[in-house]
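*Asks:* next come a sequence and a model predicted from it.
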Amino acid sequence: MDKQTVKLGLMGFGTVGTGVVRIIQAHQEDLQKQTGLGIEIKRILVQDAEKTRSIPSMNSVLTTNASDLLDDPEIDVIVEVIGGISPAREYILAALERGKHVVTANKDLMALHGGEILQKAQEKGCDVYYEASVAGGIPILRALVEGFSSDRITKMMGIVNGTTNYILTKMSQDGADYSDVLKEAQALGYAEADPTSDVEGYDAARKMAILATLGFRVPMKLEDVDVKGISGVTKEDIAYGKKLGYEVKLLGLARRDGEAIEVSVQPTMVAKSHPLASVNGVFNAVYVHGEAVGETMFYGPGAGELPTATAVVSDLVTVVKNMKLGVNGRGMVAPYKEKILKDDKQKLSKYFLRIVVADKRGVLAQITQLLADKNISLEQVLQQPYNNGEQAEIIIVTHLASKGDMDEVLQGMEELEIVSEVKSCYRVEGGEQA
Ligand SMILES: NC(=O)C1=CN([C@@H]2O[C@H](COP(=O)(O)OP(=O)(O)OC[C@H]3O[C@@H](n4cnc5c(N)ncnc54)[C@H](OP(=O)(O)O)[C@@H]3O)[C@@H](O)[C@H]2O)C=CC1
Ligand SMILES: N[C@@H](CC=O)C(=O)O
């Protein structure tokens with residue numbers, strides 16, 4: 001290759017885009033030493049070119065016209081950090097069509113249209129890297145694709161959304177109010193443009209779909225992921241969880257038993273003895289269990305300007321090294337295994353239940369019987385007065401039960417006269433048997 005400098009078209013100059021510019025500017029010499037080539041940001045696509053930017057020196061390269069990047073033959077690589085599906089999808093496909101390599105942080109897009117994008121890249125002999133799309137600054141995708149290539153992964157558990165982990169941590173440690181902390185997370189640049197995606201678990205679900213596709217080598221889709229967010233988590237649940245030895249976390253779970261797979265995201269009681277329970281604030285972590293390697297865990301900042309930009313720029317370094325060696329488009333392996341999804345009777349977990357009942361003798365026995373009818377036994381029980389002693393509250397942690405059986409038990413509870421409300425039901429992970 002006879003170029004001395006690789007020219008970059010940056011799409012998006014918000015939180016992540018600004019970080020990308022800062023890192024490229026600050027590490028220019030190191031990047032050149034590692035890749036053998038210079039990296040120049042030729043154009044930056046924005047929506048509003050008049051907006052005040054924190055790096056005014058780049059104002060001269062701003063444009064609101066995507067074809068200034070896509071149709072410039074000098075631009076070799078497009079870095080997409082706009083976010084969302086459209087127009088990001090159209091821009092990336094157009095870039096690949098023109099033979100440009102792509103780096104993106106866009107999990108929404110990769111979870112929904114990753115198959116189409118990677119196929120187009122393969123046809124065109126181009127690279128597409130998306131390390132920043134899962135767990136911000138943690139190099140987990142590389143670890144799954146390269147580090148675990150010789151192993152068979154059986155389980156991944158991830159705290160993969162920084163915003164919700166920040167909120168749950170502040171609620172747990174400071175007794176903070178949900179909506180106040182959400183505003184803080186938005187101001188810190190952690191939350192998505194529409195934070196519903198964070199708090200309702202969709203952002204984490206997209207990341208889990210990507211992790212499961214790469215980790216299990218099957219084409220997981222977003223609709224294969226069971227999703228529940230944190231908007232229903234209360235301070236009482238957090239307090240009772242703590243009392244029984246758990247922290248509430250929005251946990252992504254991807255588990256393989258034989259060839260059958262389950263992937264879900266839901267608020268989960270994580271045993272305090274498990275390292276995931278101590279992952280706090282905007283930090284993310286992904287626990288990976290492989291048949292040969294056993295247990296591993298990856299930990300780091302999951303969102304924010306510089307951590308995320310680090311992952312983007314490291315992908316860029318890989319693309320530039322590939323360009324230098326003339327091997328672009330050869331590093332990606334498409335999912336090659338058949339997808340077999342578990343049914344609800346195959347999804348096993350312990351459960352934490354909080355139930356408001358009439359304050360009468362024999363109430364606990366009735367609840368226990370309902371569970372015993374499905375062969376579900378109790379591991380922990382706490383009973384205390386509720387509503388000024390007019391009712392009682394029963395908090396239970398069960399031994400392993402299937403999701404199918406637990407759904408039937410919950411339905412049965414609603415029909416019991418002594419039960420006035422099932423306040424909460426959480427999966428329990430991280431302790432013995434889990
Ligand atoms: N923030 C984080 O911590 C993380 C973000 N990500 C992902 O990175 C991506 C970017 O996120 P983030 O930087 O936070 O987002 P921001 O909202 O901060 O920035 C988005 C940028 O894209 C530009 N933009 C938006 N729509 C268009 C459009 N139609 N045409 C041209 N430009 C457009 C905006 O322009 P303008 O400046 O003019 O408004 C802005 O510069 C997303 O996919 C996100 O999910 C991934 C990991 C962590
Ligand atoms: N909104 C996301 C940003 C990174 O992916 C999060 O909070 O984790």
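*Replies:* Happy to help now that I have it. All of these numbers come straight from a predicted model, not from anything done at the bench. Residues are numbered from 1 along each chain as shown. Ligands and ions are numbered 1, 2, ... in the order given.
*Asks:* can you pull out the strands in the stretch 51-200 of the chain?
*Replies:* In the stretch 51-200 of the chain, the strands defined using DSSP state E, counting those that start in this stretch lie at 62-63, 75-80, 101-104, 128-129, 153-159.
*Asks:* show residues contacting the last one.
*Replies:* Just to be clear, that refers to strand 153-159. Residues from elsewhere that reach strand 153-159, judged by Cβ atoms under 8 Å, 6 or more residues apart in numbering: 135, 144, 165, 204, 207-208, 211-212, 215-216, 249-257, 276, 279, 283-291, 302, 429-430. (Each C-beta comes from the backbone N, C-alpha and C, glycine too.)
*Asks:* swap in the fourth one?
*Replies:* By Cβ under 8 Å, 6+ apart, the residues outside strand 128-129 that reach it are 92, 96, 101-104, 117-118, 121, 315, 318-319, 332.
*Asks:* burial measure for Glu184, as a count.
*Replies:* 15 (other Cβ atoms under 10 Å).
*Asks:* before we move on, what about Gln411?
*Replies:* Residues near Gln411, counting by other Cβ under 10 Å: 10.
*Asks:* contact residues of this protein facing ligand 1?
*Replies:* 12-17, 45-48, 51, 81-83, 87, 105-107, 132, 136, 189-190, 192-193, 303-304, 308 (Cβ under 6 Å from any ligand atom).
*Asks:* quick check: ChimeraX command selecting the buried ones in those residues.
*Replies:* Only the buried entries of those go into this ChimeraX selection, using 16 or more other Cβ atoms under 10 Å:
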select :12,13,14,15,16,17,45,46,81,82,83,105,106,107,132,136,189,190,192,303,304,308
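*Asks:* so, in contact with ligand 2 or not, stretch 237-251?
*Replies:* No: Stretch 237-251 is not in contact with ligand 2 by Cβ under 6 Å from any ligand atom; minimum separation 9.9 Å.
*Asks:* tell me the phi and psi of the closest residue in space to Ile396 that isn't next to it in sequence?
*Replies:* Ranked by Cβ to Cβ, 6 or more residues apart in numbering and with sequence neighbours excluded, the top spatial neighbour of Ile396 is Leu353, at 4.7 Å. Backbone torsions of Leu353, given as degrees, to the nearest 10, read phi -120, psi 140.
*Asks:* surely Leu353 is in contact with Cys425?
*Replies:* Yes: here Leu353 reaches Cys425: they are 5.4 Å apart, a contact under Cβ atoms under 8 Å.
*Asks:* which one of those two has more residues nearby?
*Replies:* Leu353 (21 against 18).
*Asks:* direction included, what does the helix or strand where Arg427 lies pair up with?
*Replies:* Using DSSP states H and E, Arg427 maps to strand 419-429. Here strand 419-429 has these sheet partners by DSSP bridges: strand 260-271 (parallel), strand 348-358 (antiparallel).
*Asks:* just name the most buried of those.
*Replies:* Stretch with highest mean neighbour count among the strands paired with strand 419-429: strand 260-271 (a mean of 24; mean count of other Cβ atoms under 10 Å).
*Asks:* would you confirm that Thr18 contacts Ser54?
*Replies:* Yes: between Thr18 and Ser54 a contact is recorded at 5.8 Å, counting by Cβ under 8 Å.
*Asks:* between the two, which has more neighbouring residues?
*Replies:* Neighbours were counted for Thr18 and for Ser54 using other Cβ under 10 Å; Thr18 has more, 22 against 10.
*Asks:* does anything pack onto the helix or strand containing that one? Which helices or strands?
*Replies:* Thr18 belongs to helix 15-26 when assigned by DSSP H and E. Applying 3 or more Cβ pairs under 8 Å, 6 or more residues apart in numbering; DSSP states H and E, we find helix 15-26 packed against strand 5-11, strand 38-45, helix 305-325.
*Asks:* contacts for the strand holding Arg427, please.
*Replies:* 157, 232, 234, 236-237, 241, 246, 248, 251, 253, 264, 266-271, 274, 276, 349-358, 367, 391, 393, 397-398, 406, 410, 413-414, 434.
*Asks:* other residues contacting the helix or strand where Ala239 lies?
*Replies:* Using DSSP H and E, Ala239 maps to helix 235-244. Helix 235-244 is contacted by residues 168, 171-172, 175, 247-248, 269, 352, 354, 380, 382, 395, 397, 423-424, 426 when judged by Cβ under 8 Å, 6+ apart.
*Asks:* if we go to 7 Å?
*Replies:* With contacts defined as Cβ atoms under 7 Å, 6 or more residues apart in numbering, helix 235-244 is touched by 171-172, 175, 247-248, 269, 352, 354, 380, 382, 395, 397, 424.
*Asks:* now the residue of the chain found nearest ligand 1: closest residue in space that isn't a chain neighbour?
*Replies:* Per Cβ to the nearest ligand atom, Gly14 is where the chain lies closest to ligand 1, at 1.8 Å. Distances taken as Cβ to Cβ, 6+ apart place Val81 nearest to Gly14, at 7.1 Å, with adjacent residues excluded.
*Asks:* touching, the one you found and Thr15? I think so.
*Replies:* No: using Cβ atoms under 7 Å, Val81 makes no contact with Thr15, being 8.3 Å away.
*Asks:* show me where pLDDT drops low in the stretch 51-200 of the chain?
*Replies:* Within the stretch 51-200 of the chain, not a single segment meets pLDDT under 70.
*Asks:* for the strands paired with strand 419-429, which one sits closest to Ser179?
*Replies:* strand 260-271 (16.8 Å; Cβ to Cβ).
*Asks:* is that closest one positioned near ligand 2?
*Replies:* No: Strand 260-271 is not in contact with ligand 2 by Cβ under 6 Å from any ligand atom; minimum separation 12.1 Å.
*Asks:* what's the average pLDDT for that strand?
*Replies:* The average pLDDT for strand 260-271 rounds to 98.
*Asks:* tell me what Gly9 is bridged to.
*Replies:* Beta-bridge partners for Gly9, by DSSP bridges, are Arg43, Ile78.
*Asks:* count of residues packed around it?
*Replies:* Around Gly9 there are 26 residues (other Cβ under 10 Å).
*Asks:* pLDDT score for it?
*Replies:* Per-residue confidence (pLDDT) for Gly9: 98.
*Asks:* now do Glu432
*Replies:* With respect to pLDDT, Glu432 scores 68.
*Asks:* with Met1 instead?
*Replies:* 69.
*Asks:* how about the contacts of strand 128-129 in a markdown table, adding distance to Lys3 and neighbour count?
*Replies:* Listed next are the contacts of strand 128-129 as a markdown table, based on distance: Cβ to Cβ, whole Å; neighbours: other Cβ atoms under 10 Å:
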| residue | distance to Lys3 | neighbour count |
| --- | --- | --- |
| Ile92 | 23 | 27 |
| Leu96 | 20 | 25 |
| His101 | 13 | 28 |
| Val102 | 18 | 25 |
| Val103 | 18 | 27 |
| Thr104 | 23 | 29 |
| Ile117 | 25 | 21 |
| Leu118 | 25 | 19 |
| Ala121 | 21 | 22 |
| Asp315 | 19 | 27 |
| Thr318 | 17 | 18 |
| Val319 | 13 | 26 |
| Met332 | 23 | 13 |
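*Asks:* please consider this matter closed, and thank you.
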